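[1] generate coordinates for the sequence data below:
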Amino acid sequence: MSAVIAPLPQQQPQQIPIAQTLARFAADFSFDAIPQTVRERAKYLMLDALGIAYASTRFDFAQRSFAALAELGSIDGAGNSAVFGFSARLPLRDAVLLNGILVHGLDYDDTHVPGVIHATSSSFPLALGLAAQLGRSGRDLLAAYVLGVEISARLGSVAKGGFHQVGFHPTGLVGAFGCVLAAGHLYGMNAAQMTMAQGIALSVASGSLEFLEDGAWTKRMHPGWAGVAAITASALARHGFIGPQGAYEGRFGLFPSHLGSHAAACDYSLATRGLGSEWEINQIAVKPFPACHFTHGCADAAIALRKRGVKAADIQHVRAKVAQEVVKTVCEPIANKRRPANEYDAKFSIPFIVASSLIHGKFGLAELEEAALRDPLTLALADKVDYEADPASGFPQYYSGEVIVKLKDGRELAHREQVNRGAADRPISNDDIAAKFMDNAMQAVSRARAEELRDALLRIEDIERGAELATALAGR
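    Predicted structure coming up:
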């Protein structure tokens with residue numbers, strides 16, 4: 001049987017290939033081009049990621065990931081790259097992979113809302129590891145991080161949420177391209193080399209959503225793998241390895257090959273519009289809950305109803321309204337979502353999160369412990385939670401959610417969150433991020449050590465060598 005080739009999008013792409021435009025931008029990019037407000041926010045986004053990474057070290061997935069990569073390191077030869085929360089050093093690519101796992105492992109890291117991508121969890125480990133390896137300054141590290149976020153976010157936005165509809169996780173898939181340009185910037189590559197590197201990345205970028213079926217751990221490795229792919233692609237390009245020019249809009253480029261019929265909805269102009277003047281970091285939402293961002297509107301709505309006096313014992317039925325585009329991720333299959341297999345599975349479950357939030361009036365790491373996952377009251381209420389597509393959703397600009405509770409006495413109560421907490425129009429402040437960092441980091445280290453970590457990262461612009469910062473942020 002011959003393969004079925006999806007038609008090209010109706011919209012005509014730009015004359016100059018996107019990869020060339022992005023490569024020129026990255027080659028000319030500098031710390032001084034970044035507005036002070038963007039630099040400041042970038043530091044706090046990295047701080048948020050660091051705190052989550054330290055909290056992750058308490059979990060089984062982190063220890064098993066470290067054991068596997070330490071084994072590889074012993075085979076490949078001792079490395080000198082630092083790892084968050086671990087005293088051992090690993091080879092560069094292994095350290096980038098593990099740091100990405102630690103940042104993304106609790107699904108508590110930030111999200112670029114229009115691109116539906118966790119850009120910090122790939123760009124920060126890549127920039128930190130490579131800046132340290134190359135002897136670049138803290139200013140260079142910060143610039144590379146901002147560049148990686150900007151490119152990943154823009155490319156994610158082009159797809160308008162389409163990757164999730166066809167089973168790809170854009171954090172790993174698109175993140176590789178942001179990382180490859182961040183890496184090229186740190187290496188000092190020219191625009192031609194960076195164009196080649198993007199083409200090479202097309203063959204190594206990846207990220208499947210199959211983990212949604214059974215709570216598998218694979219999503220956790222996607223951001224770090226994007227960094228690994230970027231380092232590999234950049235090295236090949238620097239040594240003259242030839243990649244395709246049409247990495248994005250070509251006949252079998254990223255969007256036509258991965259999106260199928262959804263490629264027709266792509267807006268290619270979003271990849272390059274406003275480069276250097278409109279900053280995507282301003283569209284990044286910091287998470288108030290350790291769960292998939294698609295669930296946050298409903299979680300806050302359920303908590304609001306609990307504060308209004310709604311009790312689980314009085315509930316007959318619950319309806320949760322979510323964007324049609326996120327149903328596959330957080331609502332289906334409904335039987336699985338009502339009985340999450342593990343804490344990671346629960347992070348992507350509207351029925352479980354809504355039920356838990358209605359019962360506890362909050363949703364944090366404690367609500368994902370094993371006892372909480374098996375709590376009979378929560379599971380009984382989850383059985384009463386159904387979902388429906390929300391025609392008024394603000395997706396993808398906002399992760400809207402509404403919860404409607406029908407009580408046994410016949411009354412219906414509803415609460416709607418049109419703009420999710422943490423979104424650009426409802427941001428979480430830098431002070432709030434610093435408090436979140438302390439809460440997370442102190443799950444693994446003392447308050448004094450957490451303050452050291454915080455202060456080291458927030459003075460990044462004064463650090464002459466990235467290795468100094470990497471060492472300061474590593475475990476002891």
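
[2] residue contacts, the most centrally placed residue in the chain?
    Centroid-nearest residue in the chain: residue 118, 1.7 Å away (criterion: Cα atoms, centre = their mean). Counting by Cβ atoms under 8 Å, 6 or more residues apart in numbering, residue 118 touches 104, 109, 110, 111, 112, 171, 175, 223. Yep, even glycine has a C-beta here, placed from its N, CA and C like the rest.

[3] how about the helices of the stretch 1-150 of the chain, start to end?
    In the stretch 1-150 of the chain, the segments counted as helices under DSSP state H, counting those that start in this stretch are 18-28, 36-56, 60-76, 92-104, 120-134, 138-158.

[4] and if you look at the stretch 201-350 of the chain?
    222-238, 254-259, 296-307, 327-330, 334-338, 343-346, 350-360.

[5] least reliable of those going by mean pLDDT?
    In terms of average pLDDT, helix 343-346 trails the rest of the helices of the stretch 201-350 of the chain, at a mean of 92.

[6] burial count for residue 436?
    Using other Cβ atoms under 10 Å, residue 436 has 20 neighbouring residues.

[7] okay, buried residues for the helix or strand containing it please.
    Secondary structure from DSSP states H and E places residue 436 in helix 430-441. Residues 430, 433, 434, 436, 437, 438, 440, 441 are the ones in helix 430-441 that count as buried (16 or more other Cβ atoms under 10 Å).

[8] same question, stretch 365-372
    By neighbour count on 16+ other Cβ under 10 Å, the buried set for stretch 365-372 is 365, 367, 368, 372.

[9] how far out from the middle of the chain is the strand or helix carrying residue 172?
    Assigned by DSSP H and E, residue 172 belongs to helix 170-173. Relative to its chain's centre, helix 170-173 lies at 8 Å (Cα atoms, centre = their mean, to the nearest Å).

[10] what about residue 184, how many residues nearby?
    By other Cβ under 10 Å, 30 other residues sit near residue 184.

[11] residue 462 and residue 43, how far apart?
    To residue 43, residue 462 is 12 Å away according to Cβ to Cβ, to the nearest Å.

[12] higher neighbour count, these two?
    More neighbours surround residue 43 than the other of residue 462 and residue 43, with 19 against 10 (other Cβ under 10 Å).

[13] the closest residue to that one other than its chain neighbours and residue 314, how far apart?
    Spatially, and ignoring its direct neighbours in sequence, residue 43 is nearest to residue 458 (5.6 Å; Cβ to Cβ, 6 or more residues apart in numbering). Using Cβ to Cβ, residue 458 is found at 47 Å from residue 314.

[14] which of these two has more neighbours?
    Taking neighbours as other Cβ under 10 Å, residue 458 and residue 314 compare with residue 458 leading, 17 against 13.

[15] let me see the contact set for the more buried one.
    Neighbouring residues of residue 458 by Cβ under 8 Å, 6+ apart: 43, 44, 47.

[16] one more: residue 82?
    Going by Cβ under 8 Å, 6+ apart, residue 82 touches 89, 95, 128, 129, 132, 470, 471, 473, 474.

[17] gap between the spatially closest residue to the last one that is not a sequence neighbour and residue 143?
    In this structure, residue 474 finds its nearest non-sequential neighbour in residue 82, 3.6 Å apart by Cβ to Cβ, 6+ apart. Relative to residue 143, residue 82 is positioned 20 Å away (criterion: Cβ to Cβ).

[18] next structured bit after the helix holding residue 172?
    Once the chain leaves helix 170-173, the next helix or strand it forms, by DSSP H and E, is helix 175-187.

[19] alpha carbons of that next one, as PDB, please.
    Only the C-alpha atoms of helix 175-187 are listed here, as PDB (Å, rounded to 0.1, in the frame of the first residue of the first chain):
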ATOM      1  CA  GLY A 175      11.900  22.500  21.700                       C
ATOM      2  CA  ALA A 176      14.700  20.900  19.800                       C
ATOM      3  CA  PHE A 177      14.700  23.800  17.300                       C
ATOM      4  CA  GLY A 178      14.800  26.400  19.900                       C
ATOM      5  CA  CYS A 179      17.600  24.600  21.600                       C
ATOM      6  CA  VAL A 180      19.600  24.200  18.400                       C
ATOM      7  CA  LEU A 181      19.600  27.900  17.800                       C
ATOM      8  CA  ALA A 182      20.500  28.600  21.500                       C
ATOM      9  CA  ALA A 183      23.400  26.100  21.100                       C
ATOM     10  CA  GLY A 184      24.400  27.700  17.800                       C
ATOM     11  CA  HIS A 185      24.500  31.100  19.500                       C
ATOM     12  CA  LEU A 186      26.700  29.800  22.300                       C
ATOM     13  CA  TYR A 187      29.000  28.100  19.900                       C
END
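
[20] what's that helix packed up against?
    Applying 3 or more Cβ pairs under 8 Å, 6 or more residues apart in numbering; DSSP states H and E, one finds that helix 175-187 makes contact with helix 18-28, helix 120-134, helix 138-158, helix 191-201, helix 222-238.

[21] just the mean pLDDT for whichever helix or strand comes after the third one, thanks.
    Going back to what we said before, that points to helix 138-158. Later in the chain than helix 138-158, the nearest helix or strand by DSSP H and E is helix 162-165. If you average the pLDDT over helix 162-165, you get 94.

[22] swap in stretch 372-390?
    Stretch 372-390 carries an average pLDDT of 97.

[23] and for stretch 26-40?
    97.

[24] and for stretch 151-158?
    Stretch 151-158 comes out with an average pLDDT of 98.

[25] can you give the contact residues for that stretch?
    Outside stretch 151-158, the residues that touch it by Cβ under 8 Å, 6+ apart are 22, 26, 112, 114-117, 119, 122-123, 163, 170, 174-175, 177-179, 181-182, 248, 254-255, 266-268, 270-272, 275, 280-281, 283-284.

[26] now do the contacts for residue 421.
    288, 296, 300, 428.

[27] tabulate those residues in TSV, adding columns for neighbour count and distance to residue 72.
    Below are those laid out as TSV (neighbours: other Cβ atoms under 10 Å; distance: Cβ to Cβ, whole Å):
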residue	neighbour count	distance to residue 72
288	18	36
296	26	36
300	21	41
428	19	37
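
[28] which pair of those spans the longest distance?
    Distances among the contacts of residue 421 were taken as Cβ to Cβ; the most separated pair is 300 and 428, at 12.6 Å.

[29] pull up the gap between residue 322 and residue 118, please.
    Distance, residue 322 to residue 118, by Cβ to Cβ: 19 Å.

[30] what about the residue lying farthest from the centre of the chain, which helix or strand?
    Here the centre of the chain is the reference, and by Cα atoms, centre = their mean the most remote residue is residue 409, at 42.2 Å. Residue 409 belongs to no helix or strand when elements are defined using DSSP H and E.

[31] and it, what's its pLDDT?
    On the pLDDT scale, residue 409 is placed at 97.

[32] contacts only, for it.
    residue 314.

[33] apart from its neighbours in sequence, what residue is nearest residue 45?
    That would be residue 120: by Cβ to Cβ, 6+ apart, it lies 5.2 Å from residue 45.
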